[in-house]
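1. Sequence below, structure please.
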Amino acid sequence: MMQLLKYIISLCFCILVISVVAQDGKRINKSQGNTVNSSVSKLSKTLEDSRDDEVLANDYIDVAKELIRTEDYIRAEDYLKRALNIYVRQKNRQQMAVISRELAKVLEAQGKISEAISTFTKAAEYADNKSVKEINRNDANRLSNPTDIQSQQAYVQQNLDILNSTQVVKEEEKMVAYQQMGQLRRQMNDNAGAIEDFNNALEVAKDQPEAFKIKQDIANTLVADAKYDEAIALNESLVAEAQQTQKPDLAISQMQNLSQVYFDSEKPEKGFQALEDAYRLAVHENQTLTARNVLEQLISQYQQQHQTKQAMALYADFIGRLDTLVKNDSTLVDEQFLALHEEKISQLERERELKDELIARTNNYNYVLLGSVILALLALLLITRVLMLNMKKSKKIALQSLRREMNPHFIFNSLNSVNQFIAQNKELEANKYLSSYSKLMRTIMEHSNKDFIPLATEIEQMEEYLQLEHQRFQDKFTYTVEVDEALDTDQILIPNMLIQPQLENAVWHGLRYKDGVGHLLLSFTLQEKWIIVIIEDDGIGLQQSIQLKTKHQKTHQSRGMMNTNERIELLNSLYHTKISIEMIDKTGNESGVKVILRFPLMDKRG
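-> Numbering: from 1, shown residues only. Model (predicted):
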């Protein structure tokens, strides 16, 4: 009969719950006073507002903490893992260590020992602080020895020693360690030691919500030690304290604990009284599930006492109140509220993941595009550099080619001079000419691959060249070489063999055709940051020289000047210099040509 009534009550209860939840969805907002639901609502809002990961992780942790307080460890585990994933993505090792430790505790509370051991170990790896590392390792080792209580005590004691000697870890950890030690001592029947440890934990907890659980652990230890009077006194104080907190579920739970102590101490009347008080409070607060649980506990005790009528009366009372209880029970709606919001959170998280994935893909595309542009620019720069180097190389080759064009004509003229000396039986002059010529050619060949040479070397080459020409045309001209004393001829650089063609033109096309003996001046002067080179002759001048020239001579002189101008242009382009040449045909009473070359001051020391 009693069993049949249980089935009937359960069936009625299920039907009414489904009906009320389906019809009273509008009452969901009333449940938001619940702490867990408030945290969940905040989390949902964070996801909707697309706040940053740091805010979202903190909201996950807040929800997990509320769920841990209500001992809903399965959901707490889920939210802690979500927070941990965020910190893993951020590579925030400090927070990874903190959340991993909290997650390990939740896993331990669920009996998932192997996972808890692994998570404590990871927390130790993530932690930077030596003390935190050691605490996590000790907890992993403690769980690795489930049957060796003494080893477990040793690891817990090590943690207590660390916690008492450092301020790095939260005080809450010390409270948990004392609770662990008290539970281990109770397993070893060291109830006095257990109570001492629980009192130490209570001293740390002070007014925190965990204090109720610690006091209940003390009461249970007193029961295990058959100290019923002390256990009853403690439980009664807990009931009174719970009633003052305005938390009916806590008061009901403490009344149930108190009733059990009464029954264990063979005081059934007070036990029934405590359970009936709990039942009435549950009914008054419209907590259907709690009322049913208390009712089942009452009926079980009545059956043990063979008081069937009282049990039947309670069944009848509960069935009579069931419809009203279910309709007014906000806790049922709280569950529905939590389920709906968790579903919404899951949906928002999926949307967030899709959004993050889209952003990641867009970023990847942008990175690829940016990388392609950078590569294209690098390739363009490389190609431009190669082209510039090739152009520079080509210009250098062209410059060398132009410089070497002057040598064949010079060699031809020199050999003609030797041939003329031999034809006139002037062997001594021919030998002397060849000796000077070979010396000059050796100097020219030594510097033939250089665009710039020291001014002293260039002056030496020009003097040797003028000596050669003077040996051939002694009766035609004299020459003077003047060098400004302010010029450091050994350090200053000047273009190689750029002056020689102007000297050759002066001798061969100006002074050579003059009646009488002419004069050639080669001067080097310093003007600020410029070297001024003047080649001045008093020969027949440009106009008369052009009239006297043959067609071949005109072509050669034209090519000689073009060669000089091209060399100057190439030198200016390659070395960013501003070399210039100016040719002046003297007029009036004076005859001859004046060539002015301007070179920027260049020092081989940089």
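2. If you rank every helix and strand of the protein by mean pLDDT, what lands last?
-> Least confident helix or strand, the chain: helix 2-23 with a mean of 47, by mean pLDDT, DSSP states H and E.
3. Can you show me the helices along the stretch 401-550 of the chain?
-> Here the stretch 401-550 of the chain has its helices, by DSSP state H, counting those that start in this stretch, at 427-446, 455-472, 500-506, 542-548.
4. hey, which of those is tucked in deepest?
-> helix 500-506 (a mean of 22; mean count of other Cβ atoms under 10 Å). All C-beta atoms are positioned from the backbone trio N, CA, C, and that covers glycine.
5. mean confidence score for that helix?
-> Helix 500-506 shows an average pLDDT of 89 in the prediction.
6. Figure out how far that helix is from the centre of its chain.
-> The chain centroid and the centroid of helix 500-506 are separated by 68 Å under Cα atoms, centre = their mean, to the nearest Å.
7. change the start of the numbering to 52 and stick with it
-> Okay, residue one is now 52; in that scheme the one you just asked about reads as helix 551-557.
8. mind saving the C-alpha coords of it as PDB?
-> Only the C-alpha atoms of helix 551-557 are listed here, as PDB (Å, rounded to 0.1, in the frame of the first residue of the first chain):
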ATOM      1  CA  GLN A 551      95.200  64.400 -71.600                       C
ATOM      2  CA  PRO A 552      92.800  64.800 -74.700                       C
ATOM      3  CA  GLN A 553      92.700  68.600 -74.000                       C
ATOM      4  CA  LEU A 554      96.500  68.800 -73.900                       C
ATOM      5  CA  GLU A 555      96.700  66.800 -77.100                       C
ATOM      6  CA  ASN A 556      94.300  69.100 -78.900                       C
ATOM      7  CA  ALA A 557      96.300  72.100 -77.700                       C
END
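9. elements contacting it?
-> Applying 3 or more Cβ pairs under 8 Å, 6 or more residues apart in numbering; DSSP states H and E, one finds that helix 551-557 makes contact with helix 381-474, helix 506-523, strand 569-578, strand 581-588, helix 602-626, strand 644-651.
10. which residues are contacting it?
-> Under the criterion Cβ atoms under 8 Å, 6 or more residues apart in numbering, residues 457, 461, 464, 512-513, 516-517, 520, 571, 573, 586, 588, 590, 608, 611, 614-615, 644, 646, 648 lie in contact with helix 551-557.
11. picking up where we left off before, possible to save the helices and strands packed on helix 551-557 as a markdown table with distance to S182 and mean pLDDT?
-> Below are the helices and strands packed on helix 551-557 laid out as a markdown table (distance: least, Cβ to Cβ, whole Å; pLDDT from 0 to 100):
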| stretch | distance to S182 | mean pLDDT |
| --- | --- | --- |
| helix 381-474 | 35 | 74 |
| helix 506-523 | 78 | 91 |
| strand 569-578 | 79 | 95 |
| strand 581-588 | 77 | 95 |
| helix 602-626 | 69 | 73 |
| strand 644-651 | 73 | 95 |
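12. Return the distance of the helix or strand where D129 lies from the chain's centre.
-> Element membership for D129, per DSSP states H and E: helix 124-141. Relative to its chain's centre, helix 124-141 lies at 23 Å (Cα atoms, centre = their mean).
13. Determine the number of other residues adjacent to the closest residue to E128 other than its chain neighbours.
-> Excluding the flanking residues, the one nearest E128 by Cβ to Cβ, 6 or more residues apart in numbering is V157, at 4.9 Å. V157 has 25 neighbours, counted by other Cβ atoms under 10 Å.
14. Tell me which residues touch V157, please.
-> So V157 contacts A115, I119, Y124, A127, E128, L131 (Cβ under 8 Å, 6+ apart).
15. quick one: pLDDT of the second one?
-> Here, the pLDDT recorded for I119 equals 86.
16. picking that back up, any chance of the helices of the stretch 452-601 of the chain in TSV, plus distance to D541?
-> As requested, the helices of the stretch 452-601 of the chain are exported to TSV (distance: least, Cβ to Cβ, whole Å):
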stretch	distance to D541
helix 478-497	16
helix 506-523	5
helix 551-557	20
helix 593-599	36
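17. mind checking which of those helices is nearest T341?
-> With Cβ to Cβ as the criterion, T341 lies closest to helix 506-523 of the helices of the stretch 452-601 of the chain, at 109.6 Å.
18. tell me which strands and helices that closest one is in contact with?
-> helix 381-474, helix 478-497, strand 528-534, strand 543-546, helix 551-557, strand 569-578.
19. and with 10 Å instead?
-> helix 381-474, helix 478-497, strand 503-505, strand 528-534, strand 543-546, helix 551-557, strand 569-578, strand 581-588 (3 or more Cβ pairs under 10 Å, 6 or more residues apart in numbering; DSSP states H and E).
20. Relative to E254, which of the ones you listed is closest?
-> helix 381-474 (33.6 Å).
21. Just confirm L652 contacts I582, I think it does.
-> Yes - counting by Cβ atoms under 10 Å, I582 is a contact partner of L652 at 6.1 Å.
22. Give me the more crowded residue out of these two.
-> I582 (21 against 15).
23. Leaving out the residues flanking it, which one is nearest to the more buried one?
-> F650 (4.4 Å).
24. before we move on, the earlier item: for the record, mean pLDDT for the helix holding D129?
-> 90.
25. continuing past it, what's the next helix or strand?
-> Once the chain leaves helix 124-141, the next helix or strand it forms, by DSSP H and E, is helix 144-160.
26. C-terminal to that next one, which secondary structure element comes first?
-> Assignment by DSSP H and E places the next element after helix 144-160 at helix 164-177.
27. quick one: average pLDDT of the helix or strand just after that following helix?
-> Remark: after helix 164-177, the chain's next helix or strand is helix 181-194, criterion DSSP H and E. The pLDDT scores in helix 181-194 average 94.
28. Using PDB, list the CA coordinates for helix 181-194.
-> Extracted in PDB, the C-alpha atoms of helix 181-194 (Å, rounded to 0.1, in the frame of the first residue of the first chain):
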ATOM      1  CA  LYS A 181      57.400  27.800  -6.700                       C
ATOM      2  CA  SER A 182      55.000  27.400  -3.800                       C
ATOM      3  CA  VAL A 183      52.000  27.100  -6.100                       C
ATOM      4  CA  LYS A 184      53.800  24.500  -8.100                       C
ATOM      5  CA  GLU A 185      54.500  22.500  -5.000                       C
ATOM      6  CA  ILE A 186      50.900  22.700  -3.700                       C
ATOM      7  CA  ASN A 187      49.500  21.400  -6.900                       C
ATOM      8  CA  ARG A 188      52.000  18.600  -7.100                       C
ATOM      9  CA  ASN A 189      51.200  17.600  -3.500                       C
ATOM     10  CA  ASP A 190      47.500  17.400  -4.400                       C
ATOM     11  CA  ALA A 191      48.200  15.300  -7.400                       C
ATOM     12  CA  ASN A 192      50.300  12.900  -5.300                       C
ATOM     13  CA  ARG A 193      47.600  12.900  -2.600                       C
ATOM     14  CA  LEU A 194      45.000  11.600  -5.100                       C
END
